[in-house]
Structures are given as structure tokens and as C-alpha cells.
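*Asks:* Below: sequence and its predicted model.
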Amino acid sequence: MTRTVLAIGAHIGDMDLTAGPTLAKLILDGANVTIVALTPGERSHPRLAPAEYKKQKIAEGEAFATAIGADFMVLNHSDGFLPDTDEAAAELAIIIRDQQPDTLITHWHQSHHQDHERAARLTMRARHLADIPLGPADPSHLQP
């Protein structure tokens, strides 16, 4: 059985920096890895406009994922304003149901950074939502 890992960060680059070597090793060992950024991280450059930096960050995220052999996706939430809502968790739950990971990696739930803390909460809430069967056409993530 092939291991499937979802690494969920608040911003592009978060999982690269915090779990990059682990993700690369998992891929070398045969795992399928997807890196999910909940925001592009577009507001963190001191001089570039957010729209311009967003393009750069997406290119960087894609390049890192390609370099280690991972898949990459970025959601369209705003850096610094990651919502802590059921809707955002449901959006992430759809990805969990689709990917069927056996391992989730995310931020520490008590991070001093609001987006990181919210990413951790959203990941746990999404995991719970993905485990709830919604009907015959949308079974629980836990079902074989």
C-alpha cells in the first residue's frame, strides 16, 4: 500500500521550510505527497505589491513541489486573514476526501502566528468533516 501524505500550511513555503526534508524522504520512500497552501502568503514582502508577490510565491511553491516530486495546490484565502470558518474547513475536507491521506502534517496548534494557528485548527476540523459520511455518493474518508 502506498502512503499518502497531505502537508497543509497557512502560506506557500511554510511546509517547505518546516517539513521539506521529511516530505522529500517520504517521497523517496515511495509516498505520494501533496503540499496544500491555504493562502499564497502574498502580503509578506516588504516592497512587492501583493498581486506581484502572489505570482512569485505560486511559482516558488510549484518549483519546490516539482523538485521533490510532490503535488502542489494553493487555495485562494488571503494572507493574514485566513478564515476560521466551517466553510474553509469544508473546502479543506473536500481535498482530504479526494486525496485519502493516511498522514496529515500541519502547523503547531499554539503557534504565535494567527494564520498558522488557524491552519492547524482548520486541518483538524477538516479531518473531522472528511470522516463524516455525507451520503452514498460521498462516503466517509475512513471507509475503505
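*Replies:* Right, received. Where do you want to start? Please read all numbers here as calculations on a predicted model, not as lab measurements.

*Asks:* Run a quick neighbour tally on the residue nearest to Asp79 when sequence neighbours are not counted.
*Replies:* Among residues not flanking Asp79 along the chain, Arg43 sits closest, at 4.1 Å (Cβ to Cβ, 6 or more residues apart in numbering). Backbone N, C-alpha and C define where each C-beta goes, glycine included. Residues lying near Arg43 (other Cβ atoms under 10 Å) number 16.

*Asks:* Over to the one 5 residues further on?
*Replies:* Here the number of neighbours of Leu48 (other Cβ under 10 Å) works out to 15.

*Asks:* tell me the SS of the residue nearest to Asp79?
*Replies:* coil (DSSP: H, G, I helix; E, B strand; the rest coil).

*Asks:* do the same with Met73
*Replies:* On the basis of three-state DSSP, Met73 is classed as strand.

*Asks:* Now for the closest residue in space to it that isn't next to it in sequence: which residues touch it?
*Replies:* Ranked by Cβ to Cβ, 6+ apart and with sequence neighbours excluded, the top spatial neighbour of Met73 is Val36, at 5.3 Å. Taking Cβ atoms under 8 Å, 6 or more residues apart in numbering, we find Val36 in contact with Leu6, Ala7, Ile8, Gly9, Met73, Val74, Leu75, Leu92, Ile95.

*Asks:* Among those, which one sits closest to His113?
*Replies:* Gly9 (11.0 Å; Cβ to Cβ).

*Asks:* and the closest one, how many residues sit next to it?
*Replies:* 27.

*Asks:* going forward can the numbers begin at 84, since that is how I track them
*Replies:* Will do, 84 is the new start, and the previous item becomes Gly92.

*Asks:* element containing it?
*Replies:* For Gly92, the host element (DSSP states H and E) is strand 87-94.

*Asks:* Just the residues contacting that strand, thanks.
*Replies:* Residues from elsewhere that reach strand 87-94 (Cβ under 8 Å, 6+ apart): 98, 101-102, 106, 109, 114-124, 127, 140, 153, 162, 165, 175, 178-179, 182-190, 196, 198-199, 201-202, 205-206.

*Asks:* so what strands line up beside it?
*Replies:* strand 115-122 (parallel), strand 186-188 (parallel) (DSSP bridges).

*Asks:* Just the mean pLDDT for the longest one, thanks.
*Replies:* Just to be clear, that refers to strand 115-122. Strand 115-122 carries an average pLDDT of 98.

*Asks:* Kind regards, and thank you for your time.
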